[in-house]
Each structure stands twice: as C-alpha cells, then as structure tokens.
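Participant: Sequence first, then the predicted structure:
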Amino acid sequence: MNADTRPIVGLMLGDVTGIGAEIATKMLAAQEARGIARTLLIGDARHLALGCRESGAQLETHAVASVDEIDWARGGFPLLDLGNLDPARFPRAEVSPDAGRVAGATLKVMTDLALAGKLDAVCFAPLNKAALHRGGWNYHDEHQMFAAWTQHRGYYSEMNVIPEFSTFRVTSHISLRKALDLVTPERIEEAIRLAHRTMQSTGIAAPRIGVAALNPHGGENGLFGDEEIRIIRPTVEKARATGIDCTGPLPSDTIFLRARDGYFDAVVMMYHDQGQIATKLLGFQKGVTVSAGMKAVYTTPAHGTAFDIVGKGRADPGAMTAAFRIAAKLGAAAAGRLRAS
C-alpha cells in the first residue's frame, strides 16, 4: 500500500469568545479537509464540542497523546486535547485576556510541533489581537509572535490571499508616518523575492508580480514625490534582471484592477492599507492571511472573531476553508523541500 503523502496540518479553533470553533467545525464537516491533508485538531475537547453545537456539525474524533501515535488510516479526526480551555468560563463576544492567553499558548504548542517536524502547517481560526496582547503575548501581531517563537532572522511578510491575487507588504502593522521611512530598496527587494518564492510554493512556476507605487499617480514623474524614481523603480529593475517577472511601480489606484483582471498573480504593496482595502473589498468572506517567509507555515482567515454573530450559527466558513486549503498546499511544498534536503 502506498504511503500517505498528504501533509499533516494542525488545526486550532481560534479565540473561544468568537466564531472560530463554529467555522472550523463547519469546514471539517464538509469533508474536503480529509482529501487534501491529514488533520490534527489541537486544543480542548470542550471547545470543539461548543463549535459542533453552534455549527450543527457531527464530527467523529478520538483523543491522542502525541502525533507519533496517530493511526491516519483510522476514521475521524485525531484530537490532541490540551485540557486548557473550558468555554463555560468565558463570556462570548467579549475581549478576554484569559482567552487570548490560552489561544497564544495553544499556538505555541503547535509551533513547537511544527519546528520538531511533527506538523507540516499550522492553520488557526480567527484570533483577537487585543485579547492576545492583554493575555501576555506582547507583540504587535501574531506574525511578530511567530517570528520570535521560530527565531526567525531577516525579512518576513504577511501575505493576504484572495482567489484573484495575493499581496505582500514592504511594511505592515506600524503607523503610516513610520512606514514611509521603511520603504527602502532592501525591504522592497526582499518583499519581491519573498512573493516570488511563496507563489512558486503554491504551484505557480513563474509568478507575475506587480509592484505598487507609494505616491498618488505613481509620483507623477516626481511632482508628488520621487520615491518611485529614486527607490522603487531601480529595485524592480534589479529584481527583474535576476529573472523575476515583476513590473512597477504602478499607481495603487489601478494596480489592483489589473491584478483582479488577471495580469498579476501577486502585488507587492508599500504599506498595510494600500492592499488591505482592495483585498477586503474583493474577498472579505474568502480572504486568507499567511505568515510568509518563516520556518513554519501559518494560515488563518483574513477576517476577525465576528462578535456580532457569535453563537447564531450564521458564520460563513468560506475563508476558513480557503485558509485550510492554502495550509495544505504550502505544507505539502514545505514537506517536499525537507524530504529533498
């Protein structure tokens, strides 16, 4: 019998105060996950039971003590029950420091498993950044947290994925005033190269990358700013000379229209909202966030905990499903690289 080559994806149910467990169990009940990955649920059985009640999903699960003891031929989903989260202790639809603390602790367990080669990817339902921070995880965002846990050195980027295209950032969760000082040739080049490598990992052999301008109208030949002339264009030309298919700088009020229409597989943007507005408008219920460039693969829905619909059974699992698909694809690519090395 052939060995099972599906990647092993760890799935975490998100912040207990939000919709995470509902959309995760809806996604698992749809059966697609079984075909594309070996799925290990990591968290608390009581949190999983809450999700099943709210989604109406009927899932067969069995407890395991470690990844090594899992019989992947067995039916249902293995559950590594950490016993660290009793939903009855947490009010729903409210920011909870304790919930944030447990969410972070669960992701730390998963990160350690990924670094040990036990997981090929980590996929998690929505977190609450305020809860994480108040719970003691003192980072600007989860990406910075993951970089610290994996002892990452060098450049990394949040990648946002919608069906039409993906985006990568030169700067991310900092003020716009500070972001302008970080739009440097080095960071732009790193972002372009990361976009190229990551898109190749998703199966696109020769990705087409658009690079956004910084200033209105692309600077209008220096009239509205000269960063395009001094910094961005020379960096794009340098990357293109190495064989990367990249184009720019292109005005940000039109580059996403071109990407939507199929001219680019990815867009490198200079600051957070430049691309987030486009991706949220086009794909709020199907967008995925990836922590790109790190040792471990992390994916999650691009939306938040949706306190306004918690417990109503109305949450759409579309972005959760897309996040799991990308986790499986990137996890398979990462596992392949490890086997080849």
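Facilitator: Looks like it came in fine. Numbers count the residues shown, from 1 in each chain.

Participant: so what's the spatially closest residue to P185 that is not a sequence neighbour up against?
Facilitator: Of all residues not flanking P185 in the chain, T235 sits nearest, at 4.7 Å (C-beta to C-beta, 6 or more residues apart in numbering). Yep, even glycine has a C-beta here, placed from its N, CA and C like the rest. Residues near T235 by C-beta atoms under 8 Å, 6 or more residues apart in numbering: P185, I188, E189, I192.

Participant: Then the second one would be within a strand, right?
Facilitator: No. Secondary structure of I188, determined by DSSP: H, G, I helix; E, B strand; the rest coil: helix, with no strand assignment.

Participant: what is the mean pLDDT for stretch 283-303?
Facilitator: Over the span of stretch 283-303, the pLDDT mean works out to 94.

Participant: For it, C-alpha coordinates in CSV please.
Facilitator: Presented in CSV, the C-alpha positions along stretch 283-303 are these (Å, rounded to 0.1, in the frame of the first residue of the first chain):
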residue,chain,number,x,y,z
GLY,A,283,-12.8,38.9,-0.8
PHE,A,284,-13.8,39.6,2.8
GLN,A,285,-15.5,36.2,3.2
LYS,A,286,-12.8,34.3,1.3
GLY,A,287,-9.6,36.0,2.1
VAL,A,288,-6.7,34.2,3.9
THR,A,289,-3.7,35.6,5.8
VAL,A,290,-0.4,33.7,5.6
SER,A,291,2.7,34.4,7.7
ALA,A,292,5.2,34.1,4.8
GLY,A,293,8.9,33.5,4.9
MET,A,294,9.2,31.7,8.2
LYS,A,295,10.3,28.1,9.1
ALA,A,296,6.8,27.1,9.9
VAL,A,297,3.7,27.6,7.7
TYR,A,298,0.8,29.5,9.4
THR,A,299,-2.5,30.4,7.7
THR,A,300,-5.8,31.8,9.1
PRO,A,301,-8.9,33.5,7.7
ALA,A,302,-8.3,37.2,7.0
HIS,A,303,-11.4,38.2,9.0
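
Participant: The residue nearest to P185 in helix, strand or coil?
Facilitator: Recorded secondary structure, T235: helix (three-state DSSP).

Participant: how near is it to G83?
Facilitator: Relative to G83, T235 is positioned 50 Å away (C-beta to C-beta, to the nearest Å).

Participant: re earlier: and the contacts of T235, which of them are buried?
Facilitator: Neighbour counting by 16 or more other C-beta atoms under 10 Å classes I188, E189, I192 among the contacts of T235 as buried.

Participant: Give me the neighbour count for the closest residue to the last one other than its chain neighbours.
Facilitator: Spelled out, that is I192. Using C-beta to C-beta, 6+ apart and skipping residues adjacent in sequence, the residue nearest I192 is A239, 4.6 Å away. If you count neighbours by other C-beta atoms under 10 Å, A239 ends up with 24.

Participant: quick one: A239 is in a helix?
Facilitator: Yes. According to three-state DSSP, A239 belongs to a helix.

Participant: those helices in the stretch 101-250 of the chain, which residues are they?
Facilitator: 129-134, 142-149, 176-181, 185-201, 227, 233-241 (DSSP state H, counting those that start in this stretch).

Participant: Now find how far off-centre the last one is within its chain.
Facilitator: This points to helix 233-241. Distance, stretch centre to chain centre, for helix 233-241: 27 Å (C-alpha atoms, centre = their mean, to the nearest Å).

Participant: how is this structure carved up into domains?
Facilitator: What automatic domain parsing lists as the domains of the chain is 1-152+294-341, 155-292.

Participant: Sketch out the low-pLDDT regions of the stretch 1-150 of the chain for me.
Facilitator: Applying pLDDT under 70 to the stretch 1-150 of the chain flags residues 1-2.

Participant: ok, which stretches of it are strands?
Facilitator: Ranges of strands within the stretch 1-150 of the chain are 8-12, 38-43, 61-63, 77-81, 121-124, based on DSSP state E, counting those that start in this stretch.

Participant: and the nearest residue to A93 once chain neighbours are set aside, how many neighbours?
Facilitator: Residue nearest to A93 in three dimensions, not counting chain neighbours: F307, with 3.9 Å by C-beta to C-beta, 6+ apart. When counting by other C-beta under 10 Å, one arrives at 15 neighbours for F307.

Participant: Use 33 as the first number for this chain going forward.
Facilitator: Fine by me, first position is 33 from now on; the one you just mentioned is F339.

Participant: Quickly note the distance from F339 to V127.
Facilitator: Between F339 and V127 the distance is 9 Å, computed by C-beta to C-beta.

Participant: which residues are common contacts for the two?
Facilitator: In contact with both F339 and V127: T49, using C-beta under 8 Å, 6+ apart.
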